[in-house]
Every structure is written in structure tokens, then in C-alpha cells.
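Q: can't give you the sequence, but here's the structure:
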Ligand SMILES: Cc1ncc(COP(=O)(O)O)c(C=O)c1O
């Protein structure tokens, strides 16, 4: 079965927005368009339920119930218990809170592994544990390809390693890392894993239990939702790490790593992401499946569609000798997030593309370590072209025609 693009695009008000007509969106890795179901819930919340939730009056009951609904439906899609999923202001803020918990949890002399493939959000906060006497080991990418070799990880997994932090896929390399295999290797060595799923989650909601990740992080504003960070922490680890919230919330797993007051409206609106996935699945014959099955079906449809659109773009870029494509040149096992090292500055090319109706980004994308390791000057920046399942072949063709003009 193939994805019905007309149906998909009808779920996103941006595609009907007059001011955006004729412009093709290729900066989805920065933040996706928002599903109509999310916007509707946000609007309803602010109109009808914008009161302190969980009080006895009706508006408040509805507000609290909608926040609970968001957590329970997203958790069900991702194969975890409802209280294993929590919301925080952003993934970066979530990793800082988690790093603080590990700072208290680990002993001087313990070791952690970080990569130089990650966005800074899943590496910088962890590296600061060195200040507390924790040994920080770097799992390094291959400079030519950006690939994270498993044998290098294996060599680092010796002695008192307690934590391995790595991305499901990097926001400039695009290669999908084998999370289940890496988690297995870490667990065999007595370590837990913290996976940055921010770049991958827009391409499908994963079954976290099947992947074996102990922590899985992503950002709802890139998965068709509002500006929230979402954190899955498996129970055993979450209850073992020191509580970072008020002392009286220590027994509630989903509150332990979210010390700040949550954004009630945005959390409630996250239920719209589940509405979107459910409508998407139902339209493609998956109405009878359970939540995890609906997520799996839509994940597969997204990936098939994206892979089919990505290969022509990679093939075209392969014909341009002056351009270096970072990461794999084959669409399979790759997210459609393609960073290009070019003679012109990334942001200059992005500006030129804008004149051709292409919305793309240039810069370092907070992946300075990965760019540096691959010999790409972060100041000079790369041009990044990123799309998701709502993108069409016509838009990719428009992009290729525009690249022909500006490269
Ligand atoms: C791969 C990756 N990880 C983490 C982040 C940080 O997410 P947030 O903006 O929610 O802090 C980003 C943001 O662009 C990202 O691309």
C-alpha cells in the first residue's frame, strides 16, 4: 500500500494557507508543520479549558483528562506504560535535567559514552559530568561517512561504563543507527542507554520497548505537534535515578524528571498527534489495529514514501561534483535529512533557494562536533534539505530544479 498524499496534506492547514502557496518546505528537521488536530485541540483548550487542571469543576476536569489522554495515547503508540512518558519544555532542557540526575546517581570513576555524531543537546549536558569525576568516553564517527562503527563502541564498553548516549539518527548525517543492537551491547556491558530520537521520530513513532532504549527523547514540534519535549524513561531506571522534582512527587514516575510547571495547553494538544496517527492509519486500512499497530503501520508508510522520494534527490546530488553529501548516499536506512557541504556558505544557498520557493536552512544545526569531525567548517555551515512524509514528488522536483539554479 502507498501513502495517500492528498489525504495526508489535507490534515495540515499549512498546505491550504494562501501565504504559503507555491513554497516547498525543506526545513522539516528544524520543525514540522502542525497537524490540524493539534491546532484544533490547542484552540479548544485556550477557549474552553484554560483553567488550573485536575480541580473539581468541569472545565478543569476536561483539561486534566485531556492532558492524561495525551500521555496515555502516545505511550500506548510507543509500547510503554503511561507513566513512563513525560513532557518537558524541550529535549535540551530534558537532557539537562536527566544529566543532573545521573550526576547524583553515578560515582567518581564511573564512565559514560557520548558520540560526536549527536546534536549538542544529547552530548554537551552529558560531557559536563566530567566535572563530577565521571570519565567521558567519545564514540567517534568515521570522518568520511559520518557513520558510527559498532566495533568502536565495543572497544569502549569496558570497565565501569554506566550510560551510553547516542542519536537514533543525527540531524546532519541522517543514517539510522541500529538502536536495538546498540542497546543490547550496552546492556550486556552493564550500561543503560539514552537515545536522542529527535531527528528520527518525525519519520515514525517507534516501539521503545522493542528498541530496548532506557531513555528515548524527542520533540513534539518536529512530530506535527506543539513545542514540547517528550521523554520516555523506562520504569526501572526512572525509579532508580534520584528524583528531580518536588519531594512529594517522588513516587510519580512521570513527574520525577519534570521539575518545572508543565505547559498544560500544549500537553493537552499533544493528543492531537495521536488523533493524526489514528486518522492516518484508519484511512490506510489500519482502523482495526491497536495503538502500537497503528503507529507501526503509519511508520512503515512514512518510511516507504520518504525512501522513494529521497533516492532521486540523492542521485541528483551525486551528479554534482562540487557538492559533498554528508552521510549515506543510499536512501535505505537513511532519514530524508540531507546536509550538503558546499563552497558557498550554507545560509547563502538557503537564501538563494528561498527566491525559488524553497524553504531550507543553512548553518551548523547545533551539530558542531559532527560537522567538525567530518571536516566541514561549522562557521561556514552546511545547506540542509529535510523532508517528511507529507512532502510530494512534485516538491522534490521543484527542489532539484531550484538546486540546478543556485548550486
Ligand atoms: C537531533 C536533535 N536533538 C535534539 C534537539 C534539541 O531539541 P529541542 O529543541 O527540543 O531542545 C534537536 C533540535 O533541533 C535536534 O535536531
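A: Nice, thanks for sending it over. All values derive from a computational prediction rather than experimental measurement.
Q: Mind checking what secondary structure residue 42 has?
A: Under DSSP: H, G, I helix; E, B strand; the rest coil, the three-state class of residue 42 is helix.
Q: how much space is there between it and residue 298?
A: For residue 42, the distance to residue 298 equals 22 Å [Cβ to Cβ, to the nearest Å]. In short, each C-beta sits where N, CA and C put it, glycine included.
Q: Tell me which of those two has more neighbours.
A: Neighbour count, other Cβ atoms under 10 Å: between residue 42 and residue 298, residue 298 has more, with 26 against 19.
Q: Okay, that one and the ligand: tell me how far apart.
A: 21 Å (Cβ to the nearest ligand atom, to the nearest Å).
Q: can I assume that residue is in contact with residue 282?
A: No - with contact defined as Cβ atoms under 8 Å, residue 298 and residue 282 do not form a contacting pair (10.1 Å).
Q: Can you show me the helices along the stretch 51-200 of the chain?
A: Taking DSSP state H, counting those that start in this stretch, the helices of the stretch 51-200 of the chain run over residues 58-77, 91-105, 124-127, 150-156, 179-188.
Q: per-residue confidence for residue 117?
A: pLDDT recorded at residue 117 is 98.
Q: Most proximal residue of the stretch 201-350 of the chain with respect to the ligand?
A: residue 219 (3.5 Å; Cβ to the nearest ligand atom).
Q: got the angle between the top helix by length along the chain and helix 58-77?
A: Criterion DSSP state H: the longest helix present in the chain is helix 291-318. Helix 291-318 runs at 70 degrees relative to helix 58-77, counting by axes from the mean of the first three to the mean of the last three Cα atoms, to 10 degrees.
Q: name the helices or strands packed onto helix 291-318?
A: With contacts taken as 3 or more Cβ pairs under 8 Å, 6 or more residues apart in numbering; DSSP states H and E, helix 291-318 sits against helix 58-77, helix 271-283, strand 324-325, strand 337-341, helix 393-406.
Q: Kindly recompute the last result at 7 Å.
A: helix 58-77, helix 271-283, helix 393-406 (3 or more Cβ pairs under 7 Å, 6 or more residues apart in numbering; DSSP states H and E).
Q: And the pLDDT at the residue nearest to residue 54 when sequence neighbours are not counted?
A: Once flanking residues are discounted, residue 54 sits nearest to residue 64: 4.0 Å by Cβ to Cβ, 6 or more residues apart in numbering. We note a pLDDT of 98 for residue 64 in this prediction.
Q: Now for residue 64, how many residues are close by?
A: 18.
Q: Next: the one 4 residues further on.
A: As a burial measure, the neighbour count of residue 68 was computed by other Cβ under 10 Å and equals 16.
Q: For the closest residue to it other than its chain neighbours, give me its contacts.
A: Leaving out its chain neighbours, the residue that sits closest to residue 68 by Cβ to Cβ, 6+ apart is residue 82, at 7.8 Å. Taking Cβ atoms under 7 Å, 6 or more residues apart in numbering, we find residue 82 in contact with 71, 72, 75.
Q: for these, which one is nearest the ligand?
A: Nearest to the ligand among the contacts of residue 82 is residue 71, at 17.6 Å by Cβ to the nearest ligand atom.
Q: Could you pull out the buried residues of the longest helix of the chain?
A: 291-292, 294-299, 301-303, 305-307, 309-311, 313-314, 316-317 (16 or more other Cβ atoms under 10 Å).
Q: What mean pLDDT does it get?
A: On average, helix 291-318 scores 98.
Q: Now tabulate the contacts of residue 82 in CSV and tack on distance to residue 2.
A: CSV is the format used below for the contacts of residue 82 (distance: Cβ to Cβ, whole Å):
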residue, distance to residue 2
71, 32
72, 31
75, 29
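Q: how far does stretch 326-343 stretch from start to finish?
A: 14 Å (Cα to Cα, to the nearest Å).
Q: Equivalent analysis for stretch 194-214, please.
A: End-to-end span of stretch 194-214 (Cα to Cα): 6 Å.
Q: does it come close to the ligand?
A: Yes - contact of stretch 194-214 with the ligand (Cβ under 6 Å from any ligand atom) involves 196, 198, 199.
Q: buried set for that stretch?
A: By 16+ other Cβ under 10 Å, the buried positions in stretch 194-214 come out as 194-209, 211-214.
Q: do the same with stretch 39-50
A: Buried residues in stretch 39-50 (16+ other Cβ under 10 Å): 39, 41, 42, 44, 45, 49.
Q: gap between residue 366 and the ligand?
A: Distance from residue 366 to the ligand, by Cβ to the nearest ligand atom: 6 Å.
Q: gap between that residue and residue 131?
A: 21 Å.
Q: if you count what's nearby, which of these two comes out ahead?
A: Neighbours were counted for residue 366 and for residue 131 using other Cβ under 10 Å; residue 366 has more, 18 against 8.
Q: can you tell me the helix or strand for that one?
A: Assigned by DSSP states H and E, residue 366 belongs to no helix or strand.
Q: Dihedrals phi and psi, it?
A: phi 60, psi 20 (degrees, to the nearest 10).
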